[in-house]
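*Asks:* Predicted model follows, preceded by the sequence.
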Amino acid sequence: VQLQASGGGLVQAGGSLRLSCAASGRTSSTSRMGWFRQPPGKEREFVADIKWDGGNTNYADSVRGRFTISKDNAGNSVYLQMNSLKPEDTAVYYCAARPLLSTNYAYWGQGTQVTVSS
């Protein structure tokens, strides 16, 4: 599975951004798609994920109520709508795919930078 993330940029606190992740390749073997982020100088952390059929979403407590993950069921794209952005949301955001019968995310996109200014 190949993943291509896009949509990052610079935004002021309180603003919004929408990240996109296009999946290609053997997507039929994917169970879930997720977004992770790595803030400067910190470990990568979970943000949100969604079942491949578009149901069953999960969110990190830090983004619940502000971010929404969705799936384009007509295609192979996953989105992360980010509202009410805060400076602490500044990070490189990665999309990832989890194979069927696995508990780990095995495929990763290249990352897209999100910078929130105060």
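*Replies:* Good, I have the coordinates. None of these values were measured; they are calculated from a predicted model.
*Asks:* What segments of the protein are strands?
*Replies:* Along the chain, the segments classed as strands by DSSP state E run 2-6, 9-12, 17-24, 30-38, 45-51, 57-59, 67-72, 77-82, 91-99, 107-108, 112-117.
*Asks:* Redo these as CSV? Include mean neighbour count.
*Replies:* For the C-beta atoms, the positions are set from N, CA and C on the backbone; glycine is no exception. As requested, these are exported to CSV (neighbours: other CB atoms under 10 Å):
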stretch, mean neighbour count
strand 2-6, 17
strand 9-12, 13
strand 17-24, 19
strand 30-38, 21
strand 45-51, 19
strand 57-59, 16
strand 67-72, 19
strand 77-82, 22
strand 91-99, 23
strand 107-108, 18
strand 112-117, 17
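*Asks:* doesn't Arg44 make contact with Gly111?
*Replies:* No: here Gly111 lies out of contact with Arg44, judged by CB atoms under 8 Å, at a distance of 9.7 Å.
*Asks:* And the residue nearest to the spatial centre of the chain, how far from Val116?
*Replies:* Taking CA atoms, centre = their mean, the centroid of the chain lies closest to Trp35, which sits 2.4 Å from it. Distance from Trp35 to Val116, counting by CB to CB, to the nearest Å: 16 Å.
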